[in-house]
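In: Okay, predicted coordinates and the sequence, questions at the end:
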2 protein chains.
Amino acid sequence: MTTPPASDAELLRLDHQVCFSLHAASRAFGGVYREALKELGLTYPQYLVMLVLWEHGPEPVKGIGERLRLDSGTLSPLLKRLEAAGLVHRERSPEDERSVIIRLTGAGEELRERALPVPRRMLAATGLTVDELRTLRSLLSRVTSALDEG
Amino acid sequence: MTTPPASDAELLRLDHQVCFSLHAASRAFGGVYREALKELGLTYPQYLVMLVLWEHGPEPVKGIGERLRLDSGTLSPLLKRLEAAGLVHRERSPEDERSVIIRLTGAGEELRERALPVPRRMLAATGLTVDELRTLRSLLSRVTSALDEG
DNA sequence: CGCTATTGAGTTGTGCGCAATTGACTTGCG
DNA sequence: CGCAAGTCAATTGCGCACAACTCAATAGCG
């Protein structure tokens, strides 16, 4: 594992390639998720919200936003669509009238069963080993943290 | 570098974490690029198109789409905005009237100078070493290739 | 040559992502 | 208590991404 040249020009090129790869990989994942989630009637961001609710139970909009790094401008219409699909229910918090609590409906709970095989399909589609996935996750987390500081 | 547990449940969890990290990292990059490109009046996808033109010269819409993995539904309005900003010019190809050639204007060429410091700023913002960037690029490329096959 | 299939751009409609703003509610300070 | 500052959700406006479609131009086959 040598680290030889790294000329100035190559560095800039490497940066472009990393950013572009990230952009492309993100969209490629989106495409595969689109397929896997089609029969559930969910988009990938909607699936992320459902994962939060399946794992943590009722959660205010702000809590979902913090977990997924999304703001109300994205979540409000998304949650309206999930509500229209009968998967979640929205209610004002009694102790803080500014807050809106998102809660799964029965249909929302039941959808979890049908969503169980999705991660395994994705895992297989990546073509990476477990070690590589761990490395990837670690690098991506560090990049995100670093970028969010600046 | 051991690879111990990897239980069934942990695998599924790992998948979620990788997909989410990818999504989050992609948006984090977008945010930093937004800052870096603001004074140039470009968005990140527009910057990608300009990079293609700066590097390869005049290119048909289809060629840009293949290099960036984008279709006409995304590129047509984006190129219209670049044209409105005076950075590119569009002309029908003489030998194939279906094809539209995108060519940089003088202003488009000149913008290259002002864009030069951008990659270095991004490189610094990631907080990764050159080796880590190479690993990341490699993993992301492989994932994208694998996903695009399925 | 003429007809069909394909290709390349563009348009439309839906949904995500983000900045900026609004408006209701809560907190905190004098 | 009363007012200013802060918080939370929602809305608006713009741009990207993608599917589905339209339309013109070309290629290919009989």
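Out: Arrived safely, thanks for sending. Numbers count the residues shown, from 1 in each chain, chains lettered A, B, ... in the order given.
In: Just want the residue of chain A that's nearest DNA strand C.
Out: In chain A, the residue that lies nearest DNA strand C is residue A:73 (2.6 Å; C-beta to the nearest atom of the strand). (C-beta placed from N, C-alpha, C; glycine too.)
In: For chain A, which residues are neighbours of DNA strand D?
Out: A:23, A:27, A:30-31, A:34, A:60-62, A:65, A:72-73, A:75-77, A:79-80, A:90, A:96, A:98-100 (C-beta under 7 Å from any atom of the strand).
In: among the residues you listed, which ones are buried?
Out: A:23, A:30, A:61, A:65, A:75, A:79, A:100 (16 or more other C-beta atoms under 10 Å in any protein chain shown).
In: Make TSV from these and add pLDDT to it.
Out: Formatted as TSV, those follow (pLDDT from 0 to 100):
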residue	pLDDT
A:23	92
A:30	93
A:61	98
A:65	97
A:75	98
A:79	98
A:100	97
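In: Return the residues in contact with the residue nearest in space to the middle of chain A.
Out: By C-alpha atoms, centre = their mean, chain A has its centre lying nearest to residue A:48, at 4.8 Å. Residue A:48 makes contact with A:68, B:20, B:23, according to C-beta atoms under 8 Å, 6 or more residues apart in numbering or on different chains.
In: Please look at the first one and residue A:52 and confirm they touch.
Out: Yes. Distance between residue A:68 and residue A:52: 6.7 Å, which falls inside the contact criterion (C-beta atoms under 8 Å).
In: could you give the angle of the helix ranked longest in chain A to helix B:8-38?
Out: For chain A, the longest helix by residue count, based on DSSP state H, is helix A:8-38. Relative orientation of helix A:8-38 and helix B:8-38, computed by axes from the mean of the first three to the mean of the last three C-alpha atoms, to 10 degrees: 130 degrees.
In: Toward the C-terminus from helix A:8-38, list the very next helix or strand.
Out: helix A:44-56 (DSSP states H and E).
In: Near DNA strand C, which residues of chain A are found?
Out: A:43-46, A:69-74, A:77-78, A:81, A:96-98.
In: Farthest-apart pair in those, please.
Out: Greatest spatial distance in those: A:44 and A:97, 32.1 Å, computed using C-beta to C-beta.
In: quick one: which of these two has more around it?
Out: Between residue A:44 and residue A:97, residue A:44 has the larger neighbour count (other C-beta atoms under 10 Å in any protein chain shown), namely 18 against 8.
In: Look up how far residue A:36 lies from that one.
Out: 9 Å (C-beta to C-beta, to the nearest Å).
In: same question, residue A:101
Out: Distance from residue A:101 to residue A:36, by C-beta to C-beta: 29 Å.
In: And these two? Which one has more around it.
Out: A count of neighbours by other C-beta under 10 Å puts residue A:36 above the other of residue A:101 and residue A:36, at 21 against 16.
In: ok, that one - contacts?
Out: Residue A:36 neighbours (C-beta under 8 Å, 6+ apart): A:118, A:121, A:122.
In: What is the burial count for the first one?
Out: Summarising burial for residue A:118: neighbours were counted as other C-beta under 10 Å, giving 20.
In: just checking, it touches residue A:38?
Out: No. Counting by C-beta under 8 Å, residue A:118 stays clear of residue A:38, with 10.9 Å between them.
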